[in-house]
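Colleague: Just a sequence and a predicted model for now, questions to come.
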Amino acid sequence: MKLTPQQIEQLYQFTRQHYVEWYDLQTELVDHLANSIEMQWQENPNISFEDALQLVSKRALAMQ
């Protein structure tokens with residue numbers, strides 16, 4: 001499954017809500033989040049976009 005343009009915009013909003021101000025950094029993070037969400041959908045096609053985003057963002061924070 002691929003993300004919709006609206007979901008991509010939600011990812012940009014997500015990065016801004018987490019105080020990422022620079023567009024080029026936002027774009028890198030959105031790309032990473034989008035790829036991770038699409039991988040989640042391959043493993044579990046029934047997971048919602050919001051749940052997948054929460055899961056991948058928690059994983060990213062745990063890696064820090």
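Modeller: Looks like it arrived, so ask away. Residues are numbered from 1 along each chain as shown.
Colleague: If you count neighbours, what's buried in the lowest-mean-pLDDT helix or strand in the chain?
Modeller: Ranking every helix and strand in the chain by mean pLDDT, DSSP states H and E puts helix 49-62 at the bottom, with a mean of 88. For helix 49-62, a neighbour-count test (16 or more other CB atoms under 10 Å) marks Phe49, Ala52, Leu53, Val56, Ser57 as buried. (Each C-beta comes from the backbone N, C-alpha and C, glycine too.)
Colleague: Please apply the same query to stretch 26-42.
Modeller: Those would be Gln26, Leu29, Val30, Leu33, Ala34, Ser36, Ile37, Gln40, Trp41, for stretch 26-42 by 16+ other CB under 10 Å.
Colleague: hmm, back to that, can you tell me which of the buried residues of helix 49-62 lies closest to Gln7?
Modeller: Using CB to CB, Phe49 is the member of the buried residues of helix 49-62 that lies nearest Gln7, at 5.5 Å.
Colleague: Check the gap between that closest one and Trp22 for me.
Modeller: Plainly put, Phe49 is 25 Å away from Trp22 if you go by CB to CB, to the nearest Å.
Colleague: same question, Ile37
Modeller: From Ile37 to Trp22 the distance is 22 Å (CB to CB).
Colleague: now the buried residues of stretch 26-42 in JSON lines, with distance to His18?
Modeller: Formatted as JSON lines, the buried residues of stretch 26-42 follow (distance: CB to CB, whole Å):
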{"residue": "Gln26", "distance to His18": "10"}
{"residue": "Leu29", "distance to His18": "9"}
{"residue": "Val30", "distance to His18": "12"}
{"residue": "Leu33", "distance to His18": "11"}
{"residue": "Ala34", "distance to His18": "16"}
{"residue": "Ser36", "distance to His18": "15"}
{"residue": "Ile37", "distance to His18": "16"}
{"residue": "Gln40", "distance to His18": "19"}
{"residue": "Trp41", "distance to His18": "22"}
